[in-house]
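> here is a sequence together with a model predicted from it:
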Amino acid sequence: MSGYEFDFFISYSREGNVQKWLLNHFYNKLKDCLADECAPAPRIYMDRHMPKAVEWAHNLQTSLRHSKIMIQVMTPSYYRSGWCMSELDSMRAREEMLGFASAKIPQGLIYPILFSDSENFPETERMRKWHDFKEFAHPDPVYQQTVDYIHFHKEVKQLARDLVELVEQVPAWQEDWPIVERPDPIVTPRPPLPRFKPCPEP
């Protein structure tokens, strides 16, 4: 495979409510709003739509290398995930290779979206301007029946305009886009089962 396959790659941690929010609201809304802004509709990669029987880590790496822009969904757990940091570092390495996100060329290839927190992020993560979605971070489907969902739609529509403008400035694909070595999967040991003691004799 050569060339770009996707316009946008969504990078996120699966911990907390962010995955439900992406699947219930954000992904489809963004897809529709992007289609409203340009044709053909931009292509979005999110790992929940991965083909069956693929090696998922390899698929993530390949898809990122063949994506133009990374949408980074920022949560506290994002910065504790080896996979997320590998994706982020890989795109940063591409920016550095191109001289992007620098004093000379401030624009980068990473578009941060703030889902939650921000006060406990690493200091370096506060240097890049993000699009704040904390007000709209409601994961449950019932959110679509509220008046506030209209404001969510307007916010995603504005985001889609920004992304369409940004993606048109992306340089041509290169075979040597860097990929930071993926970490070994982190296996968290299961907690030991409690051992019940018999009640003392009265």
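Structure received.
> residue 170: how many residues sit nearby?
When neighbours are defined as other Cβ atoms under 10 Å, residue 170 has 15 of them. Where C-beta positions appear, they are placed from N, C-alpha and C, glycine not excepted.
> pretty sure it sits against residue 68.
Yes - when contacts are counted by Cβ atoms under 8 Å, residue 170 is listed as touching residue 68 (4.3 Å).
> what do the two both touch?
In terms of Cβ atoms under 8 Å, 6 or more residues apart in numbering, residue 170 and residue 68 are both contacted by the residues 4, 109.
> so which elements touch the host helix or strand of residue 86?
Following DSSP states H and E, the helix or strand that holds residue 86 is helix 82-98. Packing partners of helix 82-98 (3 or more Cβ pairs under 8 Å, 6 or more residues apart in numbering; DSSP states H and E): strand 6-11, helix 56-65, strand 67-74, strand 110-114.
> those: lowest mean pLDDT?
For those, the bottom mean pLDDT is recorded on helix 56-65, which sits at a mean of 76.
> can you name the residues that contact residue 164?
So residue 164 contacts 34, 37-38, 42 (Cβ under 8 Å, 6+ apart).
> if any of those are buried, give me the PyMOL selection for them.
Under the burial definition 16 or more other Cβ atoms under 10 Å, those of the contacts of residue 164 that qualify are selected in PyMOL by:
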select buried, resi 34+38+42
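> circling back: out of the helices and strands packed on helix 82-98, nearest to residue 175?
Smallest distance to residue 175 across these (Cβ to Cβ): 9.2 Å, for helix 56-65.
> which residues touch the nearest residue to residue 7 once chain neighbours are set aside?
Leaving aside its chain neighbours, residue 7 sits nearest to residue 42 (3.8 Å; criterion: Cβ to Cβ, 6 or more residues apart in numbering). Neighbouring residues of residue 42 by Cβ under 8 Å, 6+ apart: 7-8, 34-35, 163-164, 167.
> so, low pLDDT: which residues of this protein?
1, 48-59, 182-202 (pLDDT under 70).
> any idea how far the nearest residue to residue 4 once chain neighbours are set aside lies from residue 103?
Closest residue to residue 4 apart from its sequence neighbours, by Cβ to Cβ, 6+ apart: residue 173 at 5.0 Å. Between residue 173 and residue 103 the computed distance is 25 Å (Cβ to Cβ, to the nearest Å).
> in terms of neighbours, single out the busier of these two.
Neighbours were counted for residue 173 and for residue 103 using other Cβ under 10 Å; residue 173 has more, 14 against 6.
> that one: what secondary structure?
coil (DSSP: H, G, I helix; E, B strand; the rest coil).
> can you give me the distance of it to residue 165?
Distance, residue 173 to residue 165, using Cβ to Cβ: 19 Å.
> ok, residue 85 next?
28 Å.
> those two: which is more packed in?
The residue with more neighbours, out of residue 85 and residue 165, is residue 85; 17 against 11, by other Cβ under 10 Å.
> show the contacting residues for the closest residue to the more buried one other than its chain neighbours.
Once flanking residues are discounted, residue 85 sits nearest to residue 79: 6.9 Å by Cβ to Cβ, 6+ apart. Counting by Cβ under 8 Å, 6+ apart, residue 79 makes contact with 85, 121-122, 125.
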